[in-house]
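Engineer: need the 3D shape of this:
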Amino acid sequence: MPKSAEPEDGSESNADTFKIRTFYLFWPYLANPIYRSTNLIAPMKRSVRPFVSILVLLALAVTLSCRIAIRRGGIFTFPAELESGRVLIQPPPIPYFNSTLLKFAATDMGEEKAKLEIEQLLEGNFGQGRYKTFATWRRFNHHDIKARNSNGLPVMLRSPKFYRYWLDFRRNLQDWARRKMFQPDIMMDLVRLVKVPIDSHNGLMSSDRKYKSCAVVGNSGILLNSDQGKLIDGHEVVIRLNNARTERFEKYVGSKTSISFVNSNILHLCARREGCFCHPYGGDVPIIMYICQPIHFMDYLMCNSSHKAPLLITDPRFDMLCARIVKYYSVKKFVEETGKPLSEWGSTHDGSMFHYSSGMQAVMLALGVCDRVSIFGFGKSVSAKHHYHTNQKAELKLHDYEAEYAFYNDLVTNPQAIPFISDNFRFPPVVIYQ
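Structural biologist: Numbering: from 1, shown residues only. I've put the predicted structure just below:
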(Lines give C-alpha, C1' and ligand atoms only; values in the text may rest on other atoms or scores of the structure.)
Protein backbone atom coordinates (compact mmCIF):
# COMPACT_ATOMS: atom_id res chain seq x y z
CA MET A 1 0.00 0.00 0.00
CA PRO A 2 1.20 3.52 -0.62
CA LYS A 3 2.54 5.18 2.45
CA SER A 4 1.69 8.65 3.57
CA ALA A 5 4.36 11.17 2.99
CA GLU A 6 6.06 12.38 6.14
CA PRO A 7 8.71 15.01 6.65
CA GLU A 8 12.15 13.58 6.80
CA ASP A 9 12.72 14.95 10.31
CA GLY A 10 10.05 12.58 11.73
CA SER A 11 7.45 15.23 12.52
CA GLU A 12 3.75 14.56 11.85
CA SER A 13 2.09 15.69 8.69
CA ASN A 14 -0.53 18.46 9.00
CA ALA A 15 -3.35 16.15 7.89
CA ASP A 16 -2.64 13.46 10.51
CA THR A 17 -2.15 16.02 13.22
CA PHE A 18 -5.62 17.51 12.52
CA LYS A 19 -7.29 14.09 12.71
CA ILE A 20 -5.74 13.13 16.00
CA ARG A 21 -6.30 16.48 17.67
CA THR A 22 -9.91 16.67 16.53
CA PHE A 23 -10.68 13.29 18.07
CA TYR A 24 -8.85 14.31 21.21
CA LEU A 25 -11.03 17.37 21.65
CA PHE A 26 -14.32 15.46 21.32
CA TRP A 27 -13.38 12.49 23.51
CA PRO A 28 -10.45 13.55 25.70
CA TYR A 29 -10.55 10.53 27.99
CA LEU A 30 -10.05 8.02 25.16
CA ALA A 31 -7.96 9.89 22.62
CA ASN A 32 -4.35 10.50 23.46
CA PRO A 33 -1.80 12.00 21.11
CA ILE A 34 -0.15 9.28 19.08
CA TYR A 35 3.55 9.56 18.72
CA ARG A 36 4.41 7.81 15.52
CA SER A 37 7.56 6.04 14.57
CA THR A 38 9.36 7.03 11.44
CA ASN A 39 7.22 4.55 9.47
CA LEU A 40 3.58 5.72 9.42
CA ILE A 41 0.70 3.28 9.86
CA ALA A 42 -1.69 2.95 6.95
CA PRO A 43 -5.23 4.31 7.61
CA MET A 44 -6.98 0.92 7.19
CA LYS A 45 -4.84 -0.68 9.87
CA ARG A 46 -5.71 1.83 12.61
CA SER A 47 -7.00 0.26 15.81
CA VAL A 48 -10.84 0.09 16.30
CA ARG A 49 -10.52 -0.10 20.10
CA PRO A 50 -11.47 3.57 20.70
CA PHE A 51 -14.74 3.08 18.81
CA VAL A 52 -15.58 -0.06 20.82
CA SER A 53 -14.91 1.85 24.01
CA ILE A 54 -17.29 4.59 22.87
CA LEU A 55 -20.05 2.05 22.23
CA VAL A 56 -19.53 0.46 25.66
CA LEU A 57 -19.74 3.81 27.43
CA LEU A 58 -22.88 4.72 25.50
CA ALA A 59 -24.48 1.45 26.58
CA LEU A 60 -23.57 2.12 30.22
CA ALA A 61 -24.99 5.64 30.01
CA VAL A 62 -28.31 4.38 28.61
CA THR A 63 -28.56 1.67 31.31
CA LEU A 64 -27.87 4.19 34.07
CA SER A 65 -30.50 6.58 32.68
CA CYS A 66 -33.11 3.81 32.64
CA ARG A 67 -32.40 2.87 36.24
CA ILE A 68 -32.70 6.48 37.36
CA ALA A 69 -35.99 6.81 35.51
CA ILE A 70 -37.37 3.65 37.13
CA ARG A 71 -36.42 4.85 40.59
CA ARG A 72 -38.25 8.09 39.93
CA GLY A 73 -41.51 6.35 39.19
CA GLY A 74 -40.95 5.23 35.61
CA ILE A 75 -41.26 8.74 34.18
CA PHE A 76 -38.78 9.48 31.39
CA THR A 77 -37.80 12.96 30.30
CA PHE A 78 -36.29 13.84 26.95
CA PRO A 79 -34.79 16.94 25.38
CA ALA A 80 -37.30 19.26 23.78
CA GLU A 81 -36.30 18.25 20.25
CA LEU A 82 -37.22 14.61 21.01
CA GLU A 83 -40.65 15.39 22.42
CA SER A 84 -42.33 16.39 19.18
CA GLY A 85 -45.23 14.08 18.42
CA ARG A 86 -44.87 12.37 21.78
CA VAL A 87 -47.16 12.63 24.85
CA LEU A 88 -45.12 12.44 28.04
CA ILE A 89 -46.47 11.42 31.44
CA GLN A 90 -45.82 14.22 33.89
CA PRO A 91 -45.55 13.62 37.62
CA PRO A 92 -48.36 15.07 39.78
CA PRO A 93 -47.54 18.52 41.11
CA ILE A 94 -46.02 18.54 44.56
CA PRO A 95 -48.50 20.27 46.89
CA TYR A 96 -47.30 23.43 48.53
CA PHE A 97 -48.41 24.00 52.10
CA ASN A 98 -47.81 27.29 53.80
CA SER A 99 -45.90 26.40 56.96
CA THR A 100 -47.31 29.40 58.84
CA LEU A 101 -50.87 28.32 58.08
CA LEU A 102 -50.09 24.73 59.03
CA LYS A 103 -48.68 25.80 62.38
CA PHE A 104 -51.64 28.07 63.07
CA ALA A 105 -54.13 25.37 62.09
CA ALA A 106 -52.40 22.90 64.39
CA THR A 107 -52.96 25.18 67.38
CA ASP A 108 -56.14 24.51 69.33
CA MET A 109 -57.28 27.76 70.91
CA GLY A 110 -59.61 25.93 73.27
CA GLU A 111 -57.16 23.25 74.38
CA GLU A 112 -56.33 24.69 77.79
CA LYS A 113 -59.97 25.34 78.59
CA ALA A 114 -60.91 21.81 77.53
CA LYS A 115 -58.18 20.27 79.70
CA LEU A 116 -59.37 22.22 82.73
CA GLU A 117 -62.94 21.13 82.09
CA ILE A 118 -61.93 17.48 81.89
CA GLU A 119 -59.91 17.74 85.11
CA GLN A 120 -62.91 19.21 86.93
CA LEU A 121 -65.19 16.46 85.65
CA LEU A 122 -62.75 13.76 86.69
CA GLU A 123 -62.74 15.26 90.18
CA GLY A 124 -66.50 15.03 90.33
CA ASN A 125 -67.41 18.70 89.90
CA PHE A 126 -70.56 18.30 87.82
CA GLY A 127 -73.22 19.75 90.03
CA GLN A 128 -72.09 23.29 89.34
CA GLY A 129 -72.46 25.83 86.56
CA ARG A 130 -73.99 24.68 83.31
CA TYR A 131 -73.73 21.01 84.27
CA LYS A 132 -76.35 21.18 86.99
CA THR A 133 -79.03 21.71 84.34
CA PHE A 134 -78.17 18.51 82.48
CA ALA A 135 -81.14 16.17 82.56
CA THR A 136 -78.88 13.13 82.88
CA TRP A 137 -77.42 14.37 86.16
CA ARG A 138 -80.82 15.31 87.54
CA ARG A 139 -81.79 11.66 87.39
CA PHE A 140 -79.21 10.92 90.06
CA ASN A 141 -79.35 14.08 92.12
CA HIS A 142 -82.04 15.98 93.96
CA HIS A 143 -82.09 18.59 96.67
CA ASP A 144 -83.51 17.83 100.09
CA ILE A 145 -85.31 21.04 100.94
CA LYS A 146 -85.65 19.96 104.55
CA ALA A 147 -81.94 19.43 105.10
CA ARG A 148 -79.56 22.39 104.93
CA ASN A 149 -75.80 22.61 104.84
CA SER A 150 -73.64 25.08 106.80
CA ASN A 151 -74.34 27.78 104.24
CA GLY A 152 -78.07 27.32 104.59
CA LEU A 153 -78.45 25.73 101.11
CA PRO A 154 -80.44 22.55 100.44
CA VAL A 155 -78.36 19.38 100.68
CA MET A 156 -77.69 17.55 97.41
CA LEU A 157 -78.65 13.87 97.63
CA ARG A 158 -77.39 11.35 95.09
CA SER A 159 -78.98 8.14 93.99
CA PRO A 160 -77.03 4.90 94.64
CA LYS A 161 -76.98 4.40 90.84
CA PHE A 162 -74.86 7.50 90.50
CA TYR A 163 -71.69 5.85 91.76
CA ARG A 164 -71.92 2.96 89.31
CA TYR A 165 -72.34 5.32 86.37
CA TRP A 166 -69.76 7.69 87.80
CA LEU A 167 -67.03 5.01 87.69
CA ASP A 168 -67.86 4.16 84.07
CA PHE A 169 -68.02 7.85 83.19
CA ARG A 170 -64.62 8.53 84.70
CA ARG A 171 -63.00 5.54 82.99
CA ASN A 172 -64.41 6.45 79.56
CA LEU A 173 -63.47 10.11 79.89
CA GLN A 174 -59.93 9.29 81.02
CA ASP A 175 -59.40 6.93 78.10
CA TRP A 176 -60.80 9.44 75.63
CA ALA A 177 -58.64 12.29 76.98
CA ARG A 178 -55.51 10.12 76.92
CA ARG A 179 -55.96 9.30 73.22
CA LYS A 180 -56.65 12.88 72.21
CA MET A 181 -53.57 13.53 70.11
CA PHE A 182 -52.64 14.21 66.49
CA GLN A 183 -52.01 11.08 64.43
CA PRO A 184 -51.99 11.59 60.63
CA ASP A 185 -52.37 7.90 59.77
CA ILE A 186 -55.55 7.40 61.85
CA MET A 187 -57.51 7.29 58.56
CA MET A 188 -56.08 3.83 57.90
CA ASP A 189 -57.51 2.53 61.21
CA LEU A 190 -61.14 3.49 60.56
CA VAL A 191 -62.09 0.11 59.10
CA ARG A 192 -60.96 -1.54 62.33
CA LEU A 193 -62.49 1.12 64.57
CA VAL A 194 -65.84 1.47 62.79
CA LYS A 195 -66.62 -1.15 60.17
CA VAL A 196 -65.43 -4.22 62.08
CA PRO A 197 -67.67 -3.58 65.15
CA ILE A 198 -70.67 -2.96 62.88
CA ASP A 199 -70.00 -6.12 60.88
CA SER A 200 -69.63 -8.10 64.09
CA HIS A 201 -73.00 -6.82 65.31
CA ASN A 202 -74.56 -7.89 62.01
CA GLY A 203 -73.08 -11.38 62.30
CA LEU A 204 -70.55 -10.88 59.51
CA MET A 205 -66.97 -12.04 59.46
CA SER A 206 -64.65 -9.12 60.14
CA SER A 207 -62.15 -8.29 57.41
CA ASP A 208 -60.13 -5.39 56.07
CA ARG A 209 -62.47 -5.07 53.10
CA LYS A 210 -64.07 -1.65 52.76
CA TYR A 211 -67.63 -0.94 51.74
CA LYS A 212 -67.93 -0.90 47.95
CA SER A 213 -69.83 2.37 47.81
CA CYS A 214 -71.07 4.91 50.34
CA ALA A 215 -73.49 7.82 50.07
CA VAL A 216 -73.12 10.60 52.62
CA VAL A 217 -76.41 12.50 52.70
CA GLY A 218 -76.24 16.04 54.03
CA ASN A 219 -79.22 18.08 55.18
CA SER A 220 -79.06 21.04 52.80
CA GLY A 221 -82.27 22.31 51.26
CA ILE A 222 -80.73 21.87 47.79
CA LEU A 223 -81.76 18.21 48.03
CA LEU A 224 -85.31 19.30 47.25
CA ASN A 225 -84.19 20.53 43.82
CA SER A 226 -83.67 17.04 42.37
CA ASP A 227 -85.05 13.54 42.74
CA GLN A 228 -82.00 11.57 43.87
CA GLY A 229 -83.67 9.19 46.31
CA LYS A 230 -83.20 6.06 44.19
CA LEU A 231 -79.61 6.96 43.39
CA ILE A 232 -78.85 7.37 47.09
CA ASP A 233 -80.49 4.08 48.05
CA GLY A 234 -78.46 2.28 45.38
CA HIS A 235 -75.26 2.57 47.43
CA GLU A 236 -74.13 -0.26 49.67
CA VAL A 237 -74.00 2.06 52.67
CA VAL A 238 -76.00 5.25 53.26
CA ILE A 239 -74.81 7.62 56.02
CA ARG A 240 -77.28 10.21 57.34
CA LEU A 241 -76.64 13.15 59.64
CA ASN A 242 -78.11 14.21 62.98
CA ASN A 243 -81.33 12.22 62.71
CA ALA A 244 -82.62 14.16 59.69
CA ARG A 245 -86.11 13.02 58.85
CA THR A 246 -86.64 10.95 55.69
CA GLU A 247 -90.39 10.41 55.99
CA ARG A 248 -92.23 12.29 53.21
CA PHE A 249 -88.86 13.18 51.64
CA GLU A 250 -87.95 9.75 50.22
CA LYS A 251 -88.22 11.02 46.64
CA TYR A 252 -85.40 13.46 47.28
CA VAL A 253 -83.25 11.84 49.98
CA GLY A 254 -84.04 8.13 49.77
CA SER A 255 -85.23 5.86 52.56
CA LYS A 256 -82.25 3.61 53.25
CA THR A 257 -80.05 4.29 56.28
CA SER A 258 -77.03 2.16 57.14
CA ILE A 259 -75.26 4.45 59.62
CA SER A 260 -76.62 7.35 61.66
CA PHE A 261 -73.89 9.92 62.25
CA VAL A 262 -74.63 12.45 65.01
CA ASN A 263 -72.90 14.87 67.33
CA SER A 264 -73.22 14.41 71.08
CA ASN A 265 -75.60 17.36 71.35
CA ILE A 266 -78.15 15.26 69.47
CA LEU A 267 -77.61 12.34 71.83
CA HIS A 268 -77.99 14.65 74.80
CA LEU A 269 -81.44 15.61 73.54
CA CYS A 270 -82.28 11.94 73.12
CA ALA A 271 -81.21 11.22 76.69
CA ARG A 272 -84.11 13.32 77.95
CA ARG A 273 -86.60 10.92 76.41
CA GLU A 274 -87.84 7.74 77.98
CA GLY A 275 -85.51 4.90 77.08
CA CYS A 276 -83.18 7.37 75.37
CA PHE A 277 -84.93 7.03 72.04
CA CYS A 278 -82.42 8.22 69.43
CA HIS A 279 -82.93 5.94 66.43
CA PRO A 280 -85.58 7.30 64.05
CA TYR A 281 -84.20 5.01 61.32
CA GLY A 282 -84.80 1.89 63.40
CA GLY A 283 -83.30 0.28 66.47
CA ASP A 284 -80.89 -1.83 64.40
CA VAL A 285 -79.16 1.13 62.72
CA PRO A 286 -75.71 1.78 64.24
CA ILE A 287 -75.02 5.26 65.61
CA ILE A 288 -71.62 6.92 65.33
CA MET A 289 -71.13 10.02 67.42
CA TYR A 290 -68.40 12.56 68.04
CA ILE A 291 -68.10 14.25 71.42
CA CYS A 292 -68.88 17.98 71.52
CA GLN A 293 -68.65 18.30 75.31
CA PRO A 294 -66.95 15.84 77.70
CA ILE A 295 -70.01 15.88 79.97
CA HIS A 296 -71.90 14.05 77.22
CA PHE A 297 -70.12 10.83 78.15
CA MET A 298 -72.81 10.38 80.80
CA ASP A 299 -75.47 10.58 78.06
CA TYR A 300 -73.49 8.00 76.13
CA LEU A 301 -73.47 5.62 79.09
CA MET A 302 -77.19 6.03 79.67
CA CYS A 303 -78.13 5.55 76.01
CA ASN A 304 -75.66 2.80 75.20
CA SER A 305 -77.29 0.49 77.73
CA SER A 306 -80.66 0.83 76.00
CA HIS A 307 -79.58 0.54 72.36
CA LYS A 308 -79.60 -2.72 70.44
CA ALA A 309 -77.31 -1.52 67.67
CA PRO A 310 -73.76 -0.31 68.31
CA LEU A 311 -73.34 3.23 69.63
CA LEU A 312 -69.77 4.13 68.70
CA ILE A 313 -67.77 7.21 69.67
CA THR A 314 -65.33 8.55 67.12
CA ASP A 315 -61.68 8.21 68.06
CA PRO A 316 -60.36 11.53 69.46
CA ARG A 317 -57.34 11.24 67.15
CA PHE A 318 -59.77 11.26 64.24
CA ASP A 319 -61.54 14.28 65.74
CA MET A 320 -58.26 16.17 66.00
CA LEU A 321 -57.34 15.40 62.40
CA CYS A 322 -60.69 16.73 61.17
CA ALA A 323 -60.31 19.86 63.28
CA ARG A 324 -56.88 20.67 61.84
CA ILE A 325 -57.97 20.16 58.24
CA VAL A 326 -61.03 22.40 58.53
CA LYS A 327 -59.12 25.11 60.37
CA TYR A 328 -56.39 25.09 57.70
CA TYR A 329 -58.95 25.65 54.93
CA SER A 330 -60.66 28.33 56.99
CA VAL A 331 -57.55 30.36 57.78
CA LYS A 332 -56.28 29.95 54.21
CA LYS A 333 -59.53 31.35 52.84
CA PHE A 334 -59.51 34.14 55.45
CA VAL A 335 -56.00 35.31 54.53
CA GLU A 336 -56.56 35.05 50.77
CA GLU A 337 -59.89 36.89 50.81
CA THR A 338 -59.28 39.56 53.44
CA GLY A 339 -55.51 40.01 53.54
CA LYS A 340 -55.80 40.44 57.32
CA PRO A 341 -53.32 38.89 59.78
CA LEU A 342 -54.02 35.47 61.25
CA SER A 343 -54.53 37.00 64.69
CA GLU A 344 -57.86 38.39 63.50
CA TRP A 345 -59.22 35.05 62.29
CA GLY A 346 -60.51 34.04 65.74
CA SER A 347 -62.87 36.99 66.05
CA THR A 348 -64.49 35.99 62.76
CA HIS A 349 -65.10 32.35 63.68
CA ASP A 350 -65.73 32.38 67.44
CA GLY A 351 -62.12 31.46 68.20
CA SER A 352 -62.08 28.54 70.62
CA MET A 353 -65.65 27.60 69.68
CA PHE A 354 -64.76 27.04 66.02
CA HIS A 355 -65.53 23.49 64.96
CA TYR A 356 -66.00 21.26 61.94
CA SER A 357 -69.54 20.33 60.95
CA SER A 358 -71.06 16.88 61.39
CA GLY A 359 -71.20 16.57 57.61
CA MET A 360 -67.47 17.16 57.20
CA GLN A 361 -66.55 14.44 59.68
CA ALA A 362 -69.07 12.05 58.13
CA VAL A 363 -67.36 12.56 54.77
CA MET A 364 -63.98 11.93 56.39
CA LEU A 365 -65.36 8.74 57.90
CA ALA A 366 -66.58 7.57 54.48
CA LEU A 367 -63.14 8.22 52.98
CA GLY A 368 -61.66 5.73 55.42
CA VAL A 369 -64.22 2.91 55.15
CA CYS A 370 -65.46 3.09 51.52
CA ASP A 371 -64.00 2.31 48.09
CA ARG A 372 -66.19 4.97 46.45
CA VAL A 373 -67.83 7.99 48.06
CA SER A 374 -70.82 9.97 46.81
CA ILE A 375 -71.81 13.23 48.49
CA PHE A 376 -75.39 14.52 48.42
CA GLY A 377 -76.97 17.57 50.00
CA PHE A 378 -73.80 19.56 50.64
CA GLY A 379 -74.03 23.15 49.46
CA LYS A 380 -76.45 26.00 49.47
CA SER A 381 -78.40 28.35 47.24
CA VAL A 382 -80.28 31.58 47.80
CA SER A 383 -83.66 29.94 47.29
CA ALA A 384 -82.97 26.79 49.33
CA LYS A 385 -83.49 26.32 53.06
CA HIS A 386 -80.52 25.60 55.27
CA HIS A 387 -82.04 22.19 56.14
CA TYR A 388 -84.42 20.38 53.83
CA HIS A 389 -86.51 19.10 56.74
CA THR A 390 -86.70 22.28 58.86
CA ASN A 391 -87.35 25.97 58.37
CA GLN A 392 -83.88 26.98 59.56
CA LYS A 393 -82.10 29.35 57.19
CA ALA A 394 -79.31 30.81 59.31
CA GLU A 395 -75.92 29.10 59.52
CA LEU A 396 -73.97 28.50 62.70
CA LYS A 397 -70.99 30.84 63.08
CA LEU A 398 -68.84 28.19 64.69
CA HIS A 399 -68.72 26.40 61.31
CA ASP A 400 -67.03 27.68 58.15
CA TYR A 401 -69.08 26.02 55.43
CA GLU A 402 -67.30 27.82 52.59
CA ALA A 403 -63.97 26.43 53.79
CA GLU A 404 -65.49 22.95 53.97
CA TYR A 405 -66.79 23.30 50.40
CA ALA A 406 -63.22 24.04 49.30
CA PHE A 407 -62.13 20.86 51.07
CA TYR A 408 -64.80 18.82 49.25
CA ASN A 409 -63.68 20.29 45.93
CA ASP A 410 -60.10 19.19 46.59
CA LEU A 411 -61.35 15.70 47.40
CA VAL A 412 -62.69 15.49 43.86
CA THR A 413 -60.03 17.34 41.88
CA ASN A 414 -56.81 17.45 43.91
CA PRO A 415 -56.68 15.34 47.09
CA GLN A 416 -52.90 15.87 47.30
CA ALA A 417 -53.68 19.45 48.36
CA ILE A 418 -55.31 18.27 51.61
CA PRO A 419 -52.92 18.73 54.56
CA PHE A 420 -52.21 16.69 57.69
CA ILE A 421 -53.25 13.29 56.26
CA SER A 422 -50.54 10.63 55.99
CA ASP A 423 -48.99 10.13 52.54
CA ASN A 424 -49.65 6.40 52.94
CA PHE A 425 -53.40 6.93 52.81
CA ARG A 426 -55.05 6.41 49.41
CA PHE A 427 -58.08 8.60 48.76
CA PRO A 428 -61.04 6.86 47.13
CA PRO A 429 -62.84 8.42 44.14
CA VAL A 430 -65.31 11.08 45.28
CA VAL A 431 -68.34 12.46 43.40
CA ILE A 432 -70.44 15.42 44.55
CA TYR A 433 -74.07 15.59 43.46
CA GLN A 434 -75.75 18.99 43.45
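Engineer: pretty sure A105 sits against K327.
Structural biologist: Yes. If you go by CB atoms under 8 Å, A105 and K327 touch, sitting 4.3 Å apart. (Each C-beta comes from the backbone N, C-alpha and C, glycine too.)
Engineer: A strand includes I232, no?
Structural biologist: No. I232: not assigned to a strand; according to DSSP: H, G, I helix; E, B strand; the rest coil it is helix.
Engineer: could you find the closest non-adjacent residue to it?
Structural biologist: G254 (3.6 Å; CB to CB, 6 or more residues apart in numbering).
Engineer: per-residue pLDDT, the one you found?
Structural biologist: G254 carries a pLDDT value of 96.
Engineer: check contacts around it.
Structural biologist: By CB atoms under 8 Å, 6 or more residues apart in numbering, the contact list for G254 reads 215, 217, 228-233, 238, 246.
Engineer: who wins on neighbours among these?
Structural biologist: Scoring these on neighbours with other CB atoms under 10 Å, the highest-scoring entry is V217 at 31 neighbours.
Engineer: for that one, grab phi and psi.
Structural biologist: phi -100, psi 110 (degrees, to the nearest 10).
Engineer: check F376 too.
Structural biologist: Main-chain torsions, F376, degrees, to the nearest 10: phi -120, psi 150.
Engineer: tell me how many other residues crowd it.
Structural biologist: For F376, the neighbour count with other CB under 10 Å is 26.
Engineer: repeat for I313
Structural biologist: For I313, using other CB under 10 Å, the count is 20.
Engineer: ok, for it, nearest residue in space, not its chain neighbours?
Structural biologist: I313 sits nearest to M289 (CB to CB, 6+ apart), 5.8 Å away.
Engineer: just list the residues touching that neighbour, thanks.
Structural biologist: 261-264, 266-267, 300, 311-314.
Engineer: could you rerun that using 10 Å?
Structural biologist: Contacts for M289 (CB atoms under 10 Å, 6 or more residues apart in numbering) come out as 260-267, 278, 296, 299-300, 303, 311-314, 358.
Engineer: hmm, back to that, could you find which two of the contacts of G254 are furthest from each other?
Structural biologist: Comparing all pairs in the contacts of G254 by CB to CB, the longest separation belongs to L231 and T246, at 14.5 Å.
Engineer: I'd say V194 and Q361 touch.
Structural biologist: No. When contacts are counted by CB atoms under 10 Å, V194 is not listed as touching Q361 (11.8 Å).
Engineer: so between the two, which is more surrounded?
Structural biologist: Taking other CB under 10 Å, V194 and Q361 do not tie; Q361 has more neighbours (24 against 21).
Engineer: quick one: the more buried one from I239, how far?
Structural biologist: 11 Å (CB to CB, to the nearest Å).
Engineer: give the intersection of the neighbour lists for these two.
Structural biologist: 261, 288.
Engineer: does L321 belong to a helix, a strand or coil?
Structural biologist: helix.
Engineer: list the contacts of it.
Structural biologist: 182-187, 315, 356, 361, 364, 420-422.
Engineer: can you list the low-confidence ranges for the protein?
Structural biologist: Across the chain, the ranges flagged by pLDDT under 70 are 1-95, 126-161, 350-351, 393-397.
Engineer: the domain parsing of it - what is it?
Structural biologist: 14-82, 99-129+180-433 (automatic domain parsing).
Engineer: just say which of those is most tucked in.
Structural biologist: For the domains of the chain, the stretch with the most neighbours on average is domain 99-129+180-433, a mean of 18; neighbours defined as mean count of other CB atoms under 10 Å.
Engineer: endpoints of stretch 244-255, how far apart?
Structural biologist: 11 Å (CA to CA, to the nearest Å).
Engineer: can I assume I288 sits in a strand?
Structural biologist: Yes. When three-state DSSP is applied, I288 is found to be in a strand.
Engineer: which ones are touching it?
Structural biologist: 193-194, 197-198, 239, 259-262, 310-314, 361-362, 365.
Engineer: now, which of those residues lie within helices?
Structural biologist: 197-198, 361-362, 365 (DSSP state H).
Engineer: hang on, the earlier thing: mind checking how far the residue nearest to I313 is from C278?
Structural biologist: Between M289 and C278 the distance, using CB to CB, works out to 9 Å.
Engineer: so C278, which of the three states?
Structural biologist: Assignment for C278 (three-state DSSP): coil.
Engineer: tell me the contacts of the nearest residue to it once chain neighbours are set aside?
Structural biologist: Spatially, and ignoring its direct neighbours in sequence, C278 is nearest to C270 (3.2 Å; CB to CB, 6+ apart). Applying CB under 10 Å, 6+ apart, we find C270 in contact with 243, 262, 276-280, 287, 299, 302-303, 306-307.
Engineer: ok, now G346?
Structural biologist: 109, 331, 352-354.
Engineer: can you tell me which of those residues is nearest R209?
Structural biologist: Taking CB to CB as the measure, R209 lies nearest F354 of those, at 36.2 Å.
Engineer: you'd agree that closest one is up against W345?
Structural biologist: Yes. Under the criterion of CB under 10 Å, F354 makes contact with W345 at 8.8 Å.
Engineer: overlap in contacts, the two.
Structural biologist: Here F354 and W345 share the contacting residues 109, 327, 330-331, 400, scored by CB under 10 Å, 6+ apart.
Engineer: what touches both of A105 and K327?
Structural biologist: F420.
Engineer: just the helices from the stretch 251-400 of the chain, written as ranges.
Structural biologist: Applying DSSP state H, counting those that start in this stretch to the stretch 251-400 of the chain gives helices spanning 264-271, 297-304, 316-338, 345-348, 358-369.
Engineer: tell me the helices and strands packed up against the second one.
Structural biologist: Using 3 or more CB pairs under 10 Å, 6 or more residues apart in numbering; DSSP states H and E as the contact definition, the elements that helix 297-304 packs against are helix 135-138, helix 160-178, helix 264-271, strand 287-290, strand 311-313.
Engineer: so which of these comes closest to T390?
Structural biologist: helix 264-271 (13.5 Å).
Engineer: possible to save the helices and strands packed on helix 297-304 as CSV with distance to P415?
Structural biologist: Putting those into CSV (distance: least, CB to CB, whole Å) gives the following:
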stretch, distance to P415
helix 135-138, 40
helix 160-178, 29
helix 264-271, 29
strand 287-290, 22
strand 311-313, 26
